[in-house]
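Undergrad: sharing a model that was predicted from the sequence below.
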Amino acid sequence: MSSSSPQAAPIDPAPPSLSAPKRPTPGSATPLAVALLAMLAVLWGFNWPIMKVGLAEVPPWVFRGSASVVSGFGLFAVAMIGRHSLKIPRDKWRPLFLSGILNMALWNILVLYGIDLMDAGRAGILAYTMPLWATLVGAFVLKDRLGIRAIVGLSLGLAGMALLFSVDAKSLAGPPLGPILVVAAAFCWGAGTVVVKHAGFTQPVTVVCGWQHLIGAVPVLVIAVFWDLDNMGEVTLWPAMAVLYNMTITGILCYWAYFKVVSLLPVVASTVGTLMVPVVGVFANALIFGVRPQWVDYAALLCVAAAVFLVMTRRNR
């Protein structure tokens, strides 16, 4: 989901990058990160039911491949408007390639197959166990120290996910392949996030995300062209709008915002913050499909809100 290139803009000597200051100042990085996480919670949360609308008529590989290509070139266009070079330093290609495969190709492929084998709403909940994997991988690779607040916050957030999943426990009663694939996708996303953080990209976020989109789109497009395109039928307005939403809102704006947050905060904070997404998704699903939230949905919301508060308000070291 991200990689980038050296800057070639004399009028902008310090463009936004994925290389975060080691000690972000409380007055600048934190408010921006909180605002971006709030935006991600709403836009990514609504995307789960929106994807379901799109997948009703658009084959999954065509859906994902077309969205990634448009998103990648869209991010490049934004970068070029800002006069940033799209070139990538030689020593950054390896982490860029790895993060693109993990964050885009494997994440999307595994999620698509997992959703096909289990309830889509509960698949979204399982997908957001990502902070657990990112935190564990980050502690090992980045040597991130997990304080009490971080551990309690992570535990509360995952407890919220467990509450939501308990609403439909029958989703695990069938073949376990679907849930296994979705959890594997979550691991890939978490590991990919750590790769991005560890690489310390100094290029603009738009360039890094654009390259990740295009790298990850290659295997998806191969399958789409040689197999899934044959399953394409007539596409009506709302499924087409769902694909457009993924091309622009989630594919460009949300991915940029997510990796901007990754650059501003420690891995545990940036990933725990995304736990708001499936909670918003539950209520978005209720709004779009008329599914009434239950008490556990509200309990999960409280757990996740507390988790985000604990992690986002801890002192920077």
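TA: Okay, I see it. Residues are numbered from 1 along each chain as shown.

Undergrad: helix or strand with the lowest mean pLDDT in this structure?
TA: In the chain, the helix or strand scored least confidently by mean pLDDT, DSSP states H and E is helix 120-127, which has a mean of 71.

Undergrad: next structured bit after that helix?
TA: helix 130-141 (DSSP states H and E).

Undergrad: that following helix: which residues count as buried?
TA: Buried residues in helix 130-141, defined by neighbour count with 16 or more other C-beta atoms under 10 Å: Met130, Pro131, Leu132, Trp133, Ala134, Thr135, Leu136, Val137, Gly138, Ala139. (Glycine included, C-beta is placed from N, CA and C.)

Undergrad: ok, and the closest non-adjacent residue to the last one?
TA: Read it as Ala139. Leu146 (6.0 Å; C-beta to C-beta, 6 or more residues apart in numbering).

Undergrad: for His198, which residues are in contact?
TA: Counting by C-beta atoms under 8 Å, 6 or more residues apart in numbering, His198 touches Pro95, Val141, Leu142.

Undergrad: surely Ala105 touches His213?
TA: No. Using C-beta atoms under 8 Å, Ala105 makes no contact with His213, being 10.2 Å away.

Undergrad: when the two are compared, which one has more neighbours?
TA: A count of neighbours by other C-beta atoms under 10 Å puts His213 above the other of Ala105 and His213, at 28 against 21.

Undergrad: ok, and the closest non-adjacent residue to that one?
TA: Gly72 is the one closest to His213 (C-beta to C-beta, 6+ apart), at 3.3 Å.

Undergrad: what number of residues lie near the one you found?
TA: 25.

Undergrad: run the chain-centre distance for the strand or helix carrying it.
TA: Gly72 belongs to helix 60-81 when assigned by DSSP H and E. Distance of helix 60-81 from its chain centroid, counting by C-alpha atoms, centre = their mean, to the nearest Å, is 15 Å.

Undergrad: quick one: contacts of that helix?
TA: 51, 54-55, 86, 104, 108, 112, 116, 204, 206-207, 209-214, 216-217, 220-221, 223-225, 227-229, 231-232, 243, 246-248, 250-252, 255-256.

Undergrad: ok, now with 7 Å
TA: 54-55, 86, 104, 108, 112, 204, 206-207, 209-210, 213-214, 216-217, 220-221, 223-224, 228-229, 232, 243, 246-248, 251-252, 255-256 (C-beta atoms under 7 Å, 6 or more residues apart in numbering).

Undergrad: for it, buried residues please.
TA: Applying 16+ other C-beta under 10 Å to helix 60-81 flags 60-72, 74-76, 78-79 as buried.

Undergrad: buried sites along the next helix or strand along the chain from that helix?
TA: Downstream of helix 60-81, the first helix or strand assigned by DSSP H and E is helix 93-100. For helix 93-100, the neighbour count (16+ other C-beta under 10 Å) marks Pro95, Leu96, Phe97, Leu98, Ser99, Gly100 as buried.

Undergrad: now the helices for this structure?
TA: Secondary structure of the chain (DSSP state H): helices at 29-55, 60-81, 93-100, 107-117, 120-127, 130-141, 148-166, 177-199, 205-226, 237-245, 255-264, 267-272, 276-289, 295-312.

Undergrad: just those helices: most buried one?
TA: Scoring the helices of the chain by mean neighbour count under mean count of other C-beta atoms under 10 Å gives helix 267-272 as the most buried, with a mean of 27.

Undergrad: which elements pack onto it?
TA: Counting contacts by 3 or more C-beta pairs under 7 Å, 6 or more residues apart in numbering; DSSP states H and E, helix 267-272 packs against helix 130-141, helix 148-166, helix 177-199, helix 295-312.

Undergrad: how far away from the center of its chain is that helix?
TA: 12 Å.

Undergrad: for stretch 199-219, same thing?
TA: 13 Å.

Undergrad: please apply the same query to stretch 278-298.
TA: The answer for stretch 278-298 is 20 Å, by C-alpha atoms, centre = their mean.

Undergrad: start and end of that stretch, how far apart?
TA: With C-alpha to C-alpha, to the nearest Å as the measure, stretch 278-298 spans 12 Å from end to end.

Undergrad: do stretch 263-277 as well
TA: With C-alpha to C-alpha, one end of stretch 263-277 sits 19 Å from the other.

Undergrad: average pLDDT for it, rounded please.
TA: The predicted model assigns stretch 263-277 a mean pLDDT of 79.

Undergrad: what's the answer for stretch 129-138, then?
TA: 82.

Undergrad: next one: stretch 83-93
TA: 94.

Undergrad: mind listing what's buried along that stretch?
TA: Neighbour-count burial for stretch 83-93, counted by 16+ other C-beta under 10 Å, picks out His84, Ser85, Leu86, Ile88, Lys92.

Undergrad: possible to save the residues you listed as TSV with distance to Asn285?
TA: Formatted as TSV, the buried residues of stretch 83-93 follow (distance: C-beta to C-beta, whole Å):
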residue	distance to Asn285
His84	38
Ser85	42
Leu86	38
Ile88	39
Lys92	39
